[in-house]
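Colleague: Have a look; sequence and predicted model below, questions after that.
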Amino acid sequence: MATRTGSRLTAGERAASVAEATQSAELEGLTVSPASLADAQEYVRGDIDVDELGRRVRARYGVA
């Protein structure tokens, strides 16, 4: 997974991270919801940051 300290990831790096996370979930037998995929696309476009993406996922599934 692409990580970078002190700077923002590019759209390509964000897309690669989302693809890795999605593939990992699917390999574990999970299904990524359409709502989560939509949030991930907002993240890839740069409309939201990774913190907001995490907040949305935690809120959706009731995880603190």
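Modeller: Nice, thanks for sending it over.
Colleague: Could you use CA atoms for every contact and neighbour count after this?
Modeller: OK.
Colleague: got a list of what residue 57 touches?
Modeller: residue 36 (CA atoms under 8 Å, 6 or more residues apart in numbering).
Colleague: mind checking which helix or strand it is in?
Modeller: With elements taken from DSSP states H and E, the one containing residue 57 is helix 50-61.
Colleague: ok, now residue 48?
Modeller: Residue-wise, residue 48 maps onto no helix or strand under DSSP H and E.
Colleague: just checking, it touches residue 42?
Modeller: Yes - when contacts are counted by CA atoms under 8 Å, residue 48 is listed as touching residue 42 (6.0 Å).
Colleague: in this protein, which spans are strands?
Modeller: Assignment of strands within the chain using DSSP state E yields no ranges at all.
Colleague: State which helix of it is the longest.
Modeller: The single longest helix within the chain, with elements called by DSSP state H, is helix 11-27.
Colleague: what ranges of the protein fall below the confidence cut-off?
Modeller: 1-7 (pLDDT under 70).
Colleague: for the helix holding residue 57, which positions count as buried?
Modeller: residue 53 (16 or more other CA atoms under 10 Å).
Colleague: Please apply the same query to stretch 17-25.
Modeller: Residues 17-18, 22 are the ones in stretch 17-25 that count as buried (16+ other CA under 10 Å).
Colleague: Would you mind measuring from residue 8 to residue 48?
Modeller: 12 Å (CA to CA, to the nearest Å).
Colleague: repeat for residue 40
Modeller: Residue 40 is 9 Å from residue 48, where distance means CA to CA.
Colleague: between these two, who's got more neighbours?
Modeller: residue 40 (25 against 14; other CA atoms under 10 Å).
Colleague: That one contacts residue 17, doesn't it?
Modeller: No - applying CA under 8 Å, one finds residue 40 not in contact with residue 17, separated by 9.8 Å.
Colleague: re the thing from before, mind putting the buried residues of stretch 17-25 into a markdown table with distance to residue 55?
Modeller: Putting the buried residues of stretch 17-25 into a markdown table (distance: CA to CA, whole Å) gives the following:
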| residue | distance to residue 55 |
| --- | --- |
| 17 | 17 |
| 18 | 16 |
| 22 | 17 |
